[in-house]
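*Asks:* fold the following for me, if possible:
(one chain, ligands or ions: 1)
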Amino acid sequence: MDFKTWRHVFKLDPAKEITDGHLERICRSGTDAILIGGSDNVTLDNVLELTERIQIYNLPIVMEVSTIDSVAPGFDYYFIPTVLNSDDPQWIKGFHHQAIKEYGEILEWDEMVAEGYCILNADCKAAKLTGAKTDLSADDVVAYARLAEHFFRLPIFYLEYSGIYGDMELAGKVKEVLDETRMFYGGGIDSADKARAALAAADTIVVGNIIYENIEKAIETVEAVAETAD
Ligand code: 1GP
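*Replies:* Predicted coordinates:
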């Protein structure tokens, strides 16, 4: 299934515990895909362990690569973030360059999807780790979206508020200027209402934390998206 048709994605963190029962509910919920990724303590072992448990369900599985050491074979896609609002070149193209230098001969380029991240929650781990400049105006963010689509021609622009629910008016403005590039929104979606509002302002919504906090609410986000289907 092409990631360009996905509307709802669950992001599972391999460093967090999840019971088999909850995992089954997540995987049978009707979500379009499972994204595996996290900001810290992601290891090859915990990635493989979680992936094995998900593979029994017939769902696309994506690895969102945060460290080169934890990359495993067998995923449908590898999403590779480049943090557009970081001023640290390592997070824009440095680690990418290292990885390509090492594995360039054997990489399956068709499976790789670059994500242009714009991280807007200053307190989230990803923002701290990457030195993201989060104090941005709406014009700044819209310009990053245009940079992603027209300059770098990235397939995904990811508006990331990880941990808090973001500014949907801003998200809507971003979506308006994107045409070819798919807009992902993630952060603080913990109810059907928030899922609906975020989906109105983005192409694809990503739901993470609530999986570990309230499984019922997590499932509701999928149902809300299904209700908006044609
Ligand atoms: C995190 O965008 C995702 O990378 C989802 O955010 O965990 O806040 O749902 P939450």
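*Asks:* just for this protein, where's the confidence low?
*Replies:* Within the chain, the stretches with pLDDT under 70 are 1, 230.
*Asks:* residue in it with the shortest distance to the ligand?
*Replies:* For the chain, the residue positioned closest to the ligand under CB to the nearest ligand atom is G186, at a distance of 2.0 Å. In this view, the C-beta of every residue, glycine as well, is placed from N, C-alpha and C.
*Asks:* that residue contacts L159, doesn't it?
*Replies:* Yes - under the contact definition of CB atoms under 8 Å, G186 touches L159, with a separation of 7.4 Å.
*Asks:* longest helix in the protein, please.
*Replies:* Residue-count comparison of every helix in the chain, with assignments taken from DSSP state H, identifies helix 215-227 as the longest.
*Asks:* if I look at the residue nearest to R53 when sequence neighbours are not counted, how far off is S162?
*Replies:* The spatial neighbour of R53 that comes closest, neighbours along the chain excluded (CB to CB, 6 or more residues apart in numbering), is L23 at 5.9 Å. As defined by CB to CB, to the nearest Å, L23 lies at a distance of 21 Å from S162.
*Asks:* circling back: need the CA coordinates for the longest helix of the chain. CSV is fine.
*Replies:* Once side chains and other backbone atoms are set aside, the C-alpha atoms of helix 215-227 remain, and they are given as CSV (Å, rounded to 0.1, in the frame of the first residue of the first chain):
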residue,chain,number,x,y,z
ILE,A,215,-5.9,2.4,24.6
GLU,A,216,-9.6,3.1,24.2
LYS,A,217,-8.9,6.7,23.3
ALA,A,218,-6.2,5.6,20.9
ILE,A,219,-8.7,3.3,19.1
GLU,A,220,-11.2,6.1,18.9
THR,A,221,-8.8,8.1,16.8
VAL,A,222,-9.0,5.5,14.1
GLU,A,223,-12.7,5.3,14.3
ALA,A,224,-13.0,9.0,13.9
VAL,A,225,-10.8,8.9,10.8
ALA,A,226,-12.9,6.0,9.3
GLU,A,227,-16.1,8.1,9.8
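*Asks:* so what does the host helix or strand of the residue nearest to R53 touch, helix or strand wise?
*Replies:* With the criterion set as DSSP states H and E, the secondary-structure element containing L23 is helix 20-27. Other elements packing on helix 20-27 under the criterion 3 or more CB pairs under 8 Å, 6 or more residues apart in numbering; DSSP states H and E are helix 44-54, helix 215-227.
*Asks:* chain center to the helix or strand following that helix: distance?
*Replies:* Using DSSP H and E, the helix or strand that directly follows helix 20-27 along the chain is strand 33-36. Between the mean C-alpha point of strand 33-36 and the mean C-alpha point of its chain there is a distance of 8 Å (CA atoms, centre = their mean, to the nearest Å).
*Asks:* what is strand 33-36 packed up against?
*Replies:* The helices and strands touching strand 33-36, judged by 3+ CB pairs under 8 Å, 6+ apart, are strand 8-12, helix 44-54, strand 61-64.
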